[in-house]
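**Student:** have a look; sequence and predicted model below, questions after that.
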Amino acid sequence: MPTAPDILRDTDWDQTFHAYGSAADAPEELAVFLGDDPDALSKGMDYFHSAILHQGSVCPATPPAALFVAALLDDLVQGRWEPKGADDPEEWRLALLNTLRDVAEAATVDEPDAELAELARLSEAERREVLDAVLADDEVWEEPALEALMWQVLIDLRAAAPTLLDAVRPLLTHTEPATRQRALEAVSAIACLGRLEVDLSGAVGLAESRDERAGIVLALGEQGHDVSEFLTHDDPAIRVCAALAPSRRDDPAATRALVAALADPQEADRWFTVSPARFRGRVRFTLVHALTDRSVPADAERLLPVFRTMAALATPLTAEADCAPLLRLAFPREEDGGAWTGTPSDVQRAYLAALVGNDDLWTGTVANFSVTLWWLGLPMGREGLRALVEG
């Protein structure tokens, strides 16, 4: 694997671009990682996540920048380099691992190689024309040729997956549990990106905590392994992690595990010391989203007890994540795509009554949740909802 300085030097950065235009600034911006600035990590990561992986989206500069991060991690692991002025090398390991995981998740698509190649098909003249236009800051963001160029980014990142994996894999057996956990998540994401098989037996043998065991079950599920045995595990957190596997989407036992966990969502929020990356924000948010994602409007009555529990603890800041997914099931859009209209059913009234009954939910602006209520064709205020319940 080339070293990080090699990649900075040998990449034609001025012939690629990121979210803000030409990536000619990348060598200087990324070189901060290699310098002696005590704020190098935060400055470098700010640049990477704003320009290179802007709002979770990849761009043509992402593949070489991701290879740079992988090389930086490999140089650190192999002792060829250590961050100057850094008191905590683990902070660097975790940041680099998280960045590689984020890149892999952003670039993972279902299309097979042949279909990607067709979507990215461009003549050299077409590629050169669109690239020159972007570098000249012309308005070409809606051009089909630019879309093909972006498909090529996914091809390049899929091709880079084995190299990214080589940088991360040694950390699966690191002595620090937090490093092992983040390495596991990065390995799993990179394996999905590159459609690679990964042996996780070393990580399994070193798992010391619920956090690590949960991460392993999640990783096994994401890679398509059969995790059904974990649906009967003694630990509800492990059962839920198995239930989240894509292969368990239509498994009634998996759905039951999610429903059972949401009987006490605040306890679920306390499951982990360091939550696996699969859980964005509070654990219960992920569980509600997963349960709703595998349900249909006809399930709304069955899931009413779950909604009542979630509505009872929702606040203006959490209502969108706590309540909106299930509320969309209870008030589905019309066949023509329009918002719900008509007289609410008994089940729908019960959903609205659960919202109206929580005083804490209406103590301030309900932010994004108000937009959800409007989008569903419902009143945006408490009294309007109360009128529907009592009407």
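**Tutor:** In hand now; what should we look at?
**Student:** and the strands in the chain, which stretches?
**Tutor:** Under the criterion DSSP state E, the chain contains strands at 17-18, 21-22.
**Student:** most tightly surrounded among those strands?
**Tutor:** Among the strands of the chain, ranked by average contacts under mean count of other Cβ atoms under 10 Å, first place goes to strand 17-18 (a mean of 22). No exception for glycine: its C-beta is placed from N, CA and C like everyone else's.
**Student:** residues making contact with it?
**Tutor:** 23, 26, 51-52, 54, 59-62, 131, 134-135 (Cβ atoms under 8 Å, 6 or more residues apart in numbering).
**Student:** from those, which two are the most distant?
**Tutor:** 54 and 131 (18.1 Å; Cβ to Cβ).
**Student:** okay, the two: which has more neighbours?
**Tutor:** Between residue 54 and residue 131, counted using other Cβ atoms under 10 Å, the more crowded position is residue 131 (19 against 16).
**Student:** out of the contacts of strand 17-18, which sit inside helices?
**Tutor:** Residues of the contacts of strand 17-18 located in helices (DSSP state H): 26, 62, 131, 134-135.
**Student:** kindly reformat those as TSV containing distance to residue 43 and pLDDT.
**Tutor:** Converted to TSV, these look like this (distance: Cβ to Cβ, whole Å; pLDDT from 0 to 100):
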residue	distance to residue 43	pLDDT
26	14	95
62	19	97
131	28	84
134	26	79
135	25	80
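**Student:** out of these, who's nearest residue 219?
**Tutor:** residue 62 (23.1 Å).
**Student:** ok, now which ones touch the residue nearest to that closest one when sequence neighbours are not counted?
**Tutor:** Closest residue to residue 62 apart from its sequence neighbours, by Cβ to Cβ, 6 or more residues apart in numbering: residue 52 at 5.5 Å. Listed by Cβ under 8 Å, 6+ apart, the contact partners of residue 52 are 18-19, 26, 59, 61-62, 65.
**Student:** that older thread, drop anything exposed from the contacts of strand 17-18.
**Tutor:** Buried members of the contacts of strand 17-18, counted by 16 or more other Cβ atoms under 10 Å: 23, 26, 51-52, 54, 59-62, 131, 134-135.
**Student:** can you redo these as a markdown table with distance to residue 355?
**Tutor:** Shown next, in a markdown table, are the buried ones among the contacts of strand 17-18 (distance: Cβ to Cβ, whole Å):
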| residue | distance to residue 355 |
| --- | --- |
| 23 | 48 |
| 26 | 48 |
| 51 | 41 |
| 52 | 41 |
| 54 | 36 |
| 59 | 41 |
| 60 | 46 |
| 61 | 45 |
| 62 | 42 |
| 131 | 51 |
| 134 | 47 |
| 135 | 51 |
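**Student:** from residue 179, how far off is the closest residue to residue 35 other than its chain neighbours?
**Tutor:** Of all residues not flanking residue 35 in the chain, residue 84 sits nearest, at 7.0 Å (Cβ to Cβ, 6+ apart). Look at residue 84 and residue 179: by Cβ to Cβ, to the nearest Å, they are 20 Å apart.
**Student:** who's more crowded, the two?
**Tutor:** Neighbour tally, residue 84 and residue 179, criterion other Cβ under 10 Å: the higher count belongs to residue 179, 19 against 11.
**Student:** out of the strands of the chain, the one nearest residue 267 is which?
**Tutor:** Nearest to residue 267 among those is strand 17-18; the distance by Cβ to Cβ comes to 42.8 Å.
**Student:** show me how far the closest one is from its chain's centre.
**Tutor:** 22 Å (Cα atoms, centre = their mean, to the nearest Å).
**Student:** please apply the same query to stretch 341-356.
**Tutor:** In terms of Cα atoms, centre = their mean, the centre of stretch 341-356 is found 32 Å from the chain centre.
**Student:** so where's this structure uncertain?
**Tutor:** 85-87, 139-142, 201-205, 336, 366-367 (pLDDT under 70).
**Student:** so in it, which helix runs the longest?
**Tutor:** Per DSSP H, the chain has its longest helix at helix 144-168.
**Student:** relative to the whole chain's centre, how far out is that one?
**Tutor:** With Cα atoms, centre = their mean, you get 18 Å for helix 144-168.
**Student:** give me the buried positions along that helix.
**Tutor:** Buried residues in helix 144-168, counted by 16+ other Cβ under 10 Å: 146, 148-149, 151-158, 160-161, 163-165, 167-168.
**Student:** residues in contact with the residue nearest to residue 35?
**Tutor:** 35-36, 40.
**Student:** just those: which are in helices?
**Tutor:** If you go by DSSP H, these have residue 40 in helices.
**Student:** among the contacts of residue 84, which ones are buried?
**Tutor:** Among the contacts of residue 84, those classed as buried by 16+ other Cβ under 10 Å are residue 40.
**Student:** and which of the contacts of residue 84 is nearest to residue 286?
**Tutor:** Among these, and counting by Cβ to Cβ, the member closest to residue 286 is residue 40, at 32.7 Å.
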